[in-house]
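1. let me see the structure of the following:
(2 chains)
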There are 2 protein chains.
Amino acid sequence: MPDPIVIALDGMGGDRAPDIVLRGAALAGERYPEARFLIHGDPERMERGLAGLKGFGDRVELHPAEKVIADDAKPSSALRGGEGSSMWNAVQKVRDGRADGVVSAGNTGALMAVSKFLLRTPPGVGRPAICSIMPTLRAEIAMLDLGANIECDGENLFQFAVMGAAFASAVLGRRPTVGLLNVGQEELKGGTALRDAAARLRAVADPSFDFSGFIEGDDITGGAVDVVVTDGFTGNVALKALEGSARLYGAALRRAVKSSFGGMAGFWLARRALNKVRDRFDPRRYNGAVFVGLNGVVVKAHGGSDAFAFANAIGFAVDMARHGFLDDVRSAFERMAPPVAATAS
Amino acid sequence: MPDPIVIALDGMGGDRAPDIVLRGAALAGERYPEARFLIHGDPERMERGLAGLKGFGDRVELHPAEKVIADDAKPSSALRGGEGSSMWNAVQKVRDGRADGVVSAGNTGALMAVSKFLLRTPPGVGRPAICSIMPTLRAEIAMLDLGANIECDGENLFQFAVMGAAFASAVLGRRPTVGLLNVGQEELKGGTALRDAAARLRAVADPSFDFSGFIEGDDITGGAVDVVVTDGFTGNVALKALEGSARLYGAALRRAVKSSFGGMAGFWLARRALNKVRDRFDPRRYNGAVFVGLNGVVVKAHGGSDAFAFANAIGFAVDMARHGFLDDVRSAFERMAPPVAATAS
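-> Next up, the predicted model:
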């Protein structure tokens, strides 16, 4: 039996808290026998939810928290008034060394603000970024930043590349290739931040990843690299464009199938094959926006998560804790600090 | 019979020129009885191609051009050495008032540079942009800029909105709604350029379009607005991400269908319904990147166009000429000039 991994949970975050948090934790507990959970929130409601989950109670500690940070609270007000809330207390468990990671399906901006405040960034890291995995024509890949930083300079993008590579190693389990997202035409190519980041990445030959240079938008789902690096504005737009396009094709297929007898009969015959496709692209499988660049593992689950989706978000936290993500980031920045300083000067 | 519309064609641009240019023009000629074509290129090869297209020769003038701008030529070298080439001479026909629009499947950067040099921007327009249409859950929509301008200020984005609206009116045939592409979370919202553009668009209540405010990445294929406005970097990445995702789902479906007898039998039964979906999203239907913001209608067809795709690119040029796109842009900027100046001061 491996060492226990302790995950702190915001029991009150998300549309269907605390139930999906508890059921998600129970599901993750089946997959990860070494996982233990510290769940923060309304004790009565959590006790009630836990009563229905047989054999899981001994893996869980319930920590009462009176307050809940509202879904529409601004990050600044979460910082001012959030102390003692289920989210705050869960993040604090990581800061106090009592948990290896924290998962919340609550307010994204609040979670980022509270995590930055309580956990701070490790030496060498300017800003945290939001990272996630997604399906491609080849294997799954990681992409960041997905929305934490609207404007980025070359140093930011360089750091995202290093942290994204550590994330990919921990979660995808391979030594990754890293690409900078750019546009194609020769004389139109990206701004100074991209050129600067590329120069830094070329200068640093680190054993933890390979820099593949610039990639374009269609290389994301083409699976051209294991880690796609971009600023938070572009990354957020691209991620949501991809989500929207999945809905577009799904809706078009459903409509077509229902429009004729041949369509319906064909769908019925092909249902097993089509269900495999649906399962492969099930957004719940890719649930979990990981905040990289903090002294702690923080995962944001989608607010609309069900238990399956929430368990997958917990899976990111467990994988990152188990594979030493934080140590990997720290040692990568220690190794790279001198050449980067030399490049920048 | 409506007045003739004359389209100048770069007979030598694209992977399979001049054949697909000639066959594309013949196909467009069937759809648009009022269209006439001035085709520029190698006279011998064009004569030979034309010989196979019966009944089309009287709609065409062949204009010999010795030179061809290479696919990998830089825009600067296209400007220096491009005079007398098939592309240059075709654009010149628009400048000289002898054609209502020009279509080329040649080098994008070269076409933009030559078009800017020969046609210039109309009064009030700072920079041309690249615009195209795409399928959504609802109707087709327009999006710009798709790659001409990496960095944009509020004034640029405002102008793209005005020109995109005129394009949507001409090609989609409705009074459009316009949205600015942004990211979602409240305190992370876009930079100064986006806020400035939104303020300008709110200040100008023009009868030619409705400003719907900010939209997000998934609203593109959601069809939330008729015109999506963004900078050329974000637009290029989003467009290519969407193209890549179409390939991802197509490949996953094909693989699933082939993996089992049920899949193959089901596909055969549902083939008519599925072919309708394929046809609806056929990228050849959306072929044609339109350069807006020039004193002339310029359409870039994909380099890999076949005749059907090239005919669709010609369709954009005919629609824009027929519906007075250039006059619409000019009069919109005349109407809007005073309030915009007031906002900016």
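2. my guess is A:Ser305 contacts A:Arg23, does it?
-> No - contact criterion C-beta atoms under 8 Å: A:Ser305 and A:Arg23 do not qualify, at 10.3 Å. Where C-beta positions appear, they are placed from N, C-alpha and C, glycine not excepted.
3. anything in contact with each of those two?
-> Here A:Ser305 and A:Arg23 have no joint contacts, going by C-beta atoms under 8 Å, 6 or more residues apart in numbering or on different chains.
4. the more surrounded of those two?
-> A:Ser305 (25 against 21; other C-beta atoms under 10 Å in any protein chain shown).
5. in contact with the more buried one, which residues?
-> Taking C-beta under 8 Å, 6+ apart, we find A:Ser305 in contact with A:14-16, A:20, A:24, A:105, A:284, A:287, A:313.
6. just these: which are in helices?
-> Within those, residues falling in helices by DSSP state H are A:20, A:24, A:313.
7. all helices of the stretch 51-200 of chain A, in order?
-> Along the stretch 51-200 of chain A, counting by DSSP state H, counting those that start in this stretch, helices occupy A:75-81, A:86-95, A:108-119, A:154-172, A:192-203.
8. may I have the fourth one as CSV, with CA atoms only?
-> What it means is helix A:154-172. Extracted in CSV, the C-alpha atoms of helix A:154-172 (Å, rounded to 0.1, in the frame of the first residue of the first chain):
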residue,chain,number,x,y,z
GLY,A,154,8.2,36.3,-22.8
GLU,A,155,9.3,35.4,-19.3
ASN,A,156,5.7,34.4,-18.3
LEU,A,157,5.3,32.2,-21.4
PHE,A,158,8.7,30.6,-20.7
GLN,A,159,7.6,29.8,-17.1
PHE,A,160,4.3,28.4,-18.3
ALA,A,161,6.2,26.1,-20.6
VAL,A,162,8.4,24.8,-17.8
MET,A,163,5.4,24.3,-15.5
GLY,A,164,3.3,22.8,-18.2
ALA,A,165,6.0,20.3,-18.9
ALA,A,166,6.2,19.3,-15.3
PHE,A,167,2.4,18.9,-15.3
ALA,A,168,2.5,16.7,-18.4
SER,A,169,5.2,14.5,-16.9
ALA,A,170,3.1,14.0,-13.8
VAL,A,171,-0.3,13.5,-15.3
LEU,A,172,0.4,12.2,-18.8
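9. other SSEs contacting it?
-> Applying 3 or more C-beta pairs under 8 Å, 6 or more residues apart in numbering or on different chains; DSSP states H and E, we find helix A:154-172 packed against strand A:129-134, strand A:141-144, strand A:177-181, helix A:192-203, strand A:227-229, strand A:289-292, helix A:307-322, helix A:325-344.
10. want to throw these into CSV with mean pLDDT, distance to B:Asn149 and mean neighbour count?
-> Shown next, in CSV, are those (pLDDT from 0 to 100; distance: least, C-beta to C-beta, whole Å; neighbours: other C-beta atoms under 10 Å in any protein chain shown):
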stretch, mean pLDDT, distance to B:Asn149, mean neighbour count
strand A:129-134, 96, 26, 25
strand A:141-144, 97, 24, 28
strand A:177-181, 97, 17, 24
helix A:192-203, 93, 15, 18
strand A:227-229, 98, 22, 30
strand A:289-292, 96, 30, 26
helix A:307-322, 96, 37, 24
helix A:325-344, 76, 28, 16
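11. right, and the ones you listed - which one's nearest chain B?
-> Closest approach to chain B among the helices and strands packed on helix A:154-172 is made by strand A:177-181 (6.1 Å; C-beta to the nearest C-beta).
12. now do the residue lying farthest from the centre of chain A against chain B, distance only.
-> For chain A, the residue at maximal distance from the C-alpha centroid (C-alpha atoms, centre = their mean) is A:Phe261, at 41.9 Å. Per C-beta to the nearest C-beta, to the nearest Å, A:Phe261 is found 9 Å from chain B.
13. give me the pLDDT value at that residue.
-> pLDDT, A:Phe261: 88.
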